[in-house]
Every structure is written in structure tokens, then in C-alpha cells.
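S.K.: sequence first, then the predicted structure, then my questions.
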Amino acid sequence: MTNPKRILLVGFMGSGKSSVGKELAPLLGWRFYDFDQVVEERVGDTVSTIFRTRGEEYFRGVESDVAEDLLAETSAVLATGGGWVAQPGSWEIVPDNTMSVWLRVSSGVAIQRASREGPLRPLLEGEGAEGRVDALFQIRRASYARAQHSLDSERYDPHELAEKILELIDRKRDQAMKE
Ligand code: S3P
């Protein structure tokens with residue numbers, strides 16, 4: 001890969017994709033986009049309401065259109081929704097000049113963090129949420145692991161993670177200069 005044109009943050013809900021993206025974009029002088037936020041703007045409803053009233057399949061359709069549009073952006077930091085990379089075909093549409101980073105978090109911490117933020121995540125609602133979320137986590141791990149880099153989001157705060165991603169970008173740019 002030559003100089004990365006965009007950064008793609010992937011990981012489970014509560015892994016800090018949005019917080020890290022918001023820290024990282026200004027450090028690069030790039031724009032920040034959040035898949036969920038763009039879905040909400042397009043549909044005119046919250047993710048939670050979209051799941052409840054129109055269902056997950058509808059949400060995934062809009063999310064997929066949003067992903068295609070945002071992956072065409074350059075000089076952009078993209079925070080994906082936690083389920084997007086696990087949808088069939090998602091990785092296949094990621095352009096080569098994209099640096100992908102998996103923010104690792106355990107399912108226990110993900111649930112804690114996400115619940116603290118309130119009733120925003122439909123997959124956490126209802127009886128037996130913990131078991132469901134843990135099962136999802138196991139299923140999705142292999143999809144997250146396809147990212148080029150991974151960072152421990154329990155060990156570092158969003159600012160530190162953004163700094164670490166900057167280092168990865170610098171290293172990649174140095175490499176590209178030498179080639
Ligand atoms: C989802 C994660 C959410 C959001 C939706 C579905 C998932 O994004 O896209 O609730 O399937 O894991 P965050 O990872 O930003 O919470």
C-alpha cells in the first residue's frame with residue numbers, strides 16, 4: 001500500500017471507534033465520518049428506532065450504501081458500525097489505499113461501556129443481552145482480525161490510540177518514500 005488515503009476503524013461496539021476517530025481526524029487535518037451518524041442523517045431516525053421500526057435488514061442495507069459512499073472519500077477517518085465488517089462482502093469493497101485498524105476490546109468491557117452510554121444500541125436491549133452479545137463477539141472476531149493493524153483499546157485511552165495510529169501512518173509513509 002502507498003500512502004493511506006483514509007483510515008478505517010473497526011471493532012465491536014464500545015471499542016472506541018468514534019472517540020478515537022474524533023481524536024485522530026484533527027491530528028491529521030482530515031475529516032471524520034461515523035457510519036451510524038450518516039445512516040441516522042439519511043433515514044432521519046436514530047439507529048435504535050431504525051432497528052425497532054424497520055428491522056436490522058433495512059438498517060444493514062442503508063449501512064452498506066453509506067459504507068460505499070464513505071469509502072470513496074479521501075483524507076478521511078471512518079468509524080464503522082460494530083457489525084459492518086461482519087456483513088458478507090464488506091471487506092471486499094475496502095479500497096487498497098485504506099489503512100484499517102481493529103480496536104480490540106473484550107466482550108465484557110464492550111457491554112459495560114456500551115450500557116453506560118444509555119439505550120442507544122438495539123443489540124444490547126432485552127433479556128439475555130449479555131449472552132447474545134458474547135455470541136456475536138465470537139462470530140465477528142475473525143472479521144475484525146482481517147484489519148491490517150490492531151490496537152488494545154482497554155490498555156490505551158482514545159488520545160493514546162490516535163497517537164499510535166499516527167505512528168502507524170508515519171511508518172507507512174516512510175516505507176512508501178523508500179519504495
Ligand atoms: C451494531 C453496532 C452499532 C450500530 C448498530 C449495530 C452492531 O455501532 O451500528 O447498533 O451490529 O454491532 P457501534 O459499534 O458504533 O455501537
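M.R.: Thanks, I have the structure now.
S.K.: how many residues are close by residue 29?
M.R.: Under the neighbour criterion other CB atoms under 10 Å, residue 29 is assigned a count of 7. To be clear about C-beta, it is placed using only N, CA and C from the backbone, and glycine gets the same treatment.
S.K.: roughly how far does it sit from residue 5?
M.R.: Counting by CB to CB, to the nearest Å, the separation of residue 29 from residue 5 is 14 Å.
S.K.: can you pull the residues that touch both of the two?
M.R.: Listed as contacting both residue 29 and residue 5 by CB atoms under 8 Å, 6 or more residues apart in numbering are residue 75.
S.K.: where along the chain do the strands fall?
M.R.: Using DSSP state E, the strands of the chain run over 6-10, 31-34, 76-79, 98-104, 149-152.
S.K.: what angle do the first one and strand 98-104 make?
M.R.: Between the direction of strand 6-10 and that of strand 98-104, the angle (axes from the mean of the first three to the mean of the last three CA atoms, to 10 degrees) works out to 30 degrees.
S.K.: list the contacts of residue 87.
M.R.: Taking CB under 8 Å, 6+ apart, we find residue 87 in contact with 60, 63, 64.
S.K.: need those residues in TSV with pLDDT, can you?
M.R.: Compiled in TSV, the contacts of residue 87 are given as follows (pLDDT from 0 to 100):
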residue	pLDDT
60	98
63	98
64	98
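S.K.: from the residues you listed, list the buried ones, please.
M.R.: Neighbour-count burial (16 or more other CB atoms under 10 Å) is assigned, among those, to 63, 64.
S.K.: which among the contacts of residue 87 gets closest to residue 36?
M.R.: residue 63 (8.1 Å; CB to CB).
S.K.: which of the contacts of residue 87 fall in helices?
M.R.: Secondary structure assignment (DSSP state H) places 60, 63, 64 from those within helices.
S.K.: would a markdown table of these with distance to the ligand be doable?
M.R.: Listed next are the ones in helices among the contacts of residue 87 as a markdown table, based on distance: CB to the nearest ligand atom, whole Å:
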| residue | distance to the ligand |
| --- | --- |
| 60 | 9 |
| 63 | 7 |
| 64 | 12 |
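S.K.: out of these, who's nearest residue 167?
M.R.: For the ones in helices among the contacts of residue 87, the residue nearest residue 167 by CB to CB is residue 63; the value is 30.1 Å.
S.K.: wait, that closest one touches residue 39, no?
M.R.: Yes - at 5.5 Å, residue 63 counts as touching residue 39 under the criterion of CB atoms under 8 Å.
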